[in-house]
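Undergrad: A predicted structure for the sequence below; I have some questions about it.
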Amino acid sequence: MTQYERAVNDRLEKLKRRPRARILAIETSCDETAAAVVENGRTVLSSVVHTQIPLHVPYGGVVPEIASRSHVQKIGAVVRRALDEAGLTLPELDAVAVTNGPGLVGALLVGLSYAKGLAYAAGLPFLGVHHIASHIAANYLSDLSLEPPFTCLVASGGHSHIIVVEDYERYRLLGRTRDDAAGEAFDKVARVLGLPYPGGPNLEKLAREGDPTRYRFHSAFNEGDGFDFSFSGIKTAVVNRLHNAQQAGETIDRADLAASFQKTVVDILADKAVRAAQAQPGAAGEKLALAGGVSANGALRAAMEQRANKAGIAFYCPDFAYCTDNAAMVGSAAYGKLMRGETDALSLNAVPYLSIEEQTQGA
Ligand code: KG4
Ligand code: ZN
């Protein structure tokens with residue numbers, strides 16, 4: 001046994017006697033450099049997010065190489081601030097957790113390597129966390145009473161999933177997108193509307209001034225009974241509507257187009273998510289949560305809440321601070337694993353494509 005492994009075992013033994021865990025969490029899967037300290041999976045002692053948005057605006061999207069370099073430049077200061085704001089030093093922590101996938105591989109590697117270095121130097125348990133599991137766990141930070149089982153819609157830039165959260169680390173995938181993720185569709189439509197990166201929030205802002213009933217975009221696939229989504233047809237329909245209007249010399253109201261697109265996507269997401277919850281027997285059908293970057297969208301939050309309430313289902317969504325990428329949600333997601341004494345080896349790699357069922361059910 002190495003000196004590091006002995007130190008980790010001592011820490012895990014200590015945790016068994018005193019079940020209070022303070023986890024330093026790090027997240028660098030895309031374009032946010034984030035660090036947080038979270039106690040017992042529920043209480044955020046600090047959460048620092050450095051966004052790279054200004055760096056990627058000139059390119060209209062995330063440039064992976066620029067993202068990795070910026071993570072390298074910022075991670076030290078971001079982690080230091082998270083520790084300072086929590087008023088804790090490294091030896092006072094109980095573990096280091098980090099996103100190890102899915103995400104941009106170069107970006108993931110920065111956080112992963114940094115977290116390994118800290119864990120090794122301080123003799124702390126080290127844990128890799130799945131990014132989607134973290135987004136789901138953001139709900140535990142915002143509603144302390146929420147416990148599995150529940151049904152969850154995860155809508156982010158890379159994923160659109162309907163998942164039954166059967167237990168803290170047990171997930172059953174009910175549906176997924178066949179093509180674009182919801183956030184990706186927002187970003188692509190935003191771009192053709194001439195809006196700057198990041199597309200989702202800017203499209204929402206424009207949509208607030210528009211009439212959501214002005215244009216209609218039908219999607220036969222999404223009207224079916226299944227729980228899979230498809231957003232690329234809707235995106236193409238919006239693009240075609242815009243181009244046809246331009247060719248015919250017709251003026252098109254961009255705000256109305258944005259509002260109509262947003263309403264189409266929101267209705268599909270909310271309908272399917274509520275139907276999915278209704279289809280679950282027992283407690284998993286009584287609670288519906290929302291997670292992922294698109295959960296910051298006000299129209300989606302309102303539509304989900306209204307439909308869930310009408311169906312007699314309790315609705316949960318993360319506070320705005322924990323909707324888009326952050327490290328507090330990583331600290332929450334890692335808690336259960338740590339308390340069971342399950343840690344990862346320092347050889348853990350970054351995995352750019354990692355299904356949530358693969359990681360958690362196989363574990
Ligand atoms: O979860 P996240 O921060 O990163 C990924 O894991 O992908 O999600 C980012 C995605 C982007 O596609 C962004 O445009 C979208 O979430 N998003 C929004 C809003 N805020 C972020 N989409 C619609 N409305 C918003 N307010
Ligand atoms: Zn994310």
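TA: Okay, I see it. Ligands and ions are numbered 1, 2, ... in the order given.

Undergrad: ok and the residue in the stretch 1-150 of the chain nearest ligand 1?
TA: Here the residue of the stretch 1-150 of the chain nearest ligand 1 is Cys30; by CB to the nearest ligand atom that distance is 5.3 Å. C-beta: built from backbone N, CA, C; applies to glycine.

Undergrad: Tell me the residues of the stretch 151-300 of the chain that contact ligand 2?
TA: Along the stretch 151-300 of the chain, the residues adjacent to ligand 2 under the rule CB under 5 Å from the ion are Ser156.

Undergrad: how about the strands of the stretch 151-300 of the chain, start to end?
TA: 160-167, 170-176, 287-291 (DSSP state E, counting those that start in this stretch).

Undergrad: Show me the one of these that comes nearest ligand 1.
TA: Between those, strand 287-291 lies closest to ligand 1; by CB to the nearest ligand atom that is 8.3 Å.

Undergrad: So which elements touch the closest one?
TA: helix 131-142, strand 150-155, helix 254-278, helix 298-310, strand 314-316 (3 or more CB pairs under 8 Å, 6 or more residues apart in numbering; DSSP states H and E).

Undergrad: Kindly recompute the last result at 10 Å.
TA: Using 3 or more CB pairs under 10 Å, 6 or more residues apart in numbering; DSSP states H and E as the contact test, the elements touching strand 287-291 are helix 131-142, strand 150-155, strand 160-167, helix 254-278, helix 298-310, strand 314-316.

Undergrad: among those, which is the most enclosed?
TA: strand 150-155 (a mean of 28; mean count of other CB atoms under 10 Å).

Undergrad: that older thread, for the strands of the stretch 151-300 of the chain, give me TSV that also has mean pLDDT.
TA: Shown next, in TSV, are the strands of the stretch 151-300 of the chain (pLDDT from 0 to 100):
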stretch	mean pLDDT
strand 160-167	97
strand 170-176	96
strand 287-291	98
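
Undergrad: Could you dump these into JSON lines with distance to Phe186 added?
TA: Formatted as JSON lines, the strands of the stretch 151-300 of the chain follow (distance: least, CB to CB, whole Å):
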{"stretch": "strand 160-167", "distance to Phe186": "11"}
{"stretch": "strand 170-176", "distance to Phe186": "17"}
{"stretch": "strand 287-291", "distance to Phe186": "15"}
